[in-house]
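In: Build me a structure from this.
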Amino acid sequence: MLYHLVSQREFEGQSSSAPYMPASLAGEGFIHLTAEPERVAWVANAFYREVPDLLVLSVDETRLAAPVRFERTPDGVFPHLYGPLERRAIVAIQPMPRNQTGDYEFPGA
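Out: Predicted coordinates for the structure are as follows:
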């Protein structure tokens, strides 16, 4: 399973009948993903702290048409999807809850 974080507004702002294509696909050439469930909250708190309506998309890698490459970043090795995210590959959508201190906690961990 792979995971992608996105604001609910951004995700729902795209047509549900077309593949999901976040700005990073056009700007960087890939979609940021996370492979380890225990790292999803870390990513959310490090990069999405100010997003009030954060969702986590659970992605079945076997349903993707575009290649996924695991690449080294300054924060470790992360998967990157080099193409659009087909809606059929999204197997779950969950809101990212916050704890009492305001930190995101991954509901699937």
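In: residue ranges for the strands of the protein, please.
Out: Taking DSSP state E as the test, the strands found in the chain are 2-7, 31-32, 54-59, 68-73, 76-81, 90-95.
In: what are the pairing partners of the fifth one, and which direction each?
Out: Note on strand 76-81: by DSSP bridges, its sheet partners are strand 31-32 (antiparallel), strand 68-73 (antiparallel).
In: In TSV: the ones you listed, plus mean neighbour count.
Out: (Glycine included, C-beta is placed from N, CA and C.) Below are the strands paired with strand 76-81 laid out as TSV (neighbours: other Cβ atoms under 10 Å):
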stretch	mean neighbour count
strand 31-32	22
strand 68-73	11
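In: Tell me the bridge partners for the nearest residue to residue 39 once chain neighbours are set aside.
Out: Among residues not flanking residue 39 along the chain, residue 76 sits closest, at 7.8 Å (Cβ to Cβ, 6 or more residues apart in numbering). Beta-bridge partners recorded for residue 76 (DSSP bridges): residue 73.
In: Have a look at this structure and report its longest helix.
Out: Using DSSP state H, we find that the single longest helix of the chain is helix 37-47.
In: Using TSV, lay out the strands of the chain together with distance to residue 40 and mean pLDDT.
Out: Listed next are the strands of the chain as TSV, based on distance: least, Cβ to Cβ, whole Å; pLDDT from 0 to 100:
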stretch	distance to residue 40	mean pLDDT
strand 2-7	5	97
strand 31-32	12	96
strand 54-59	6	97
strand 68-73	15	96
strand 76-81	11	96
strand 90-95	10	96
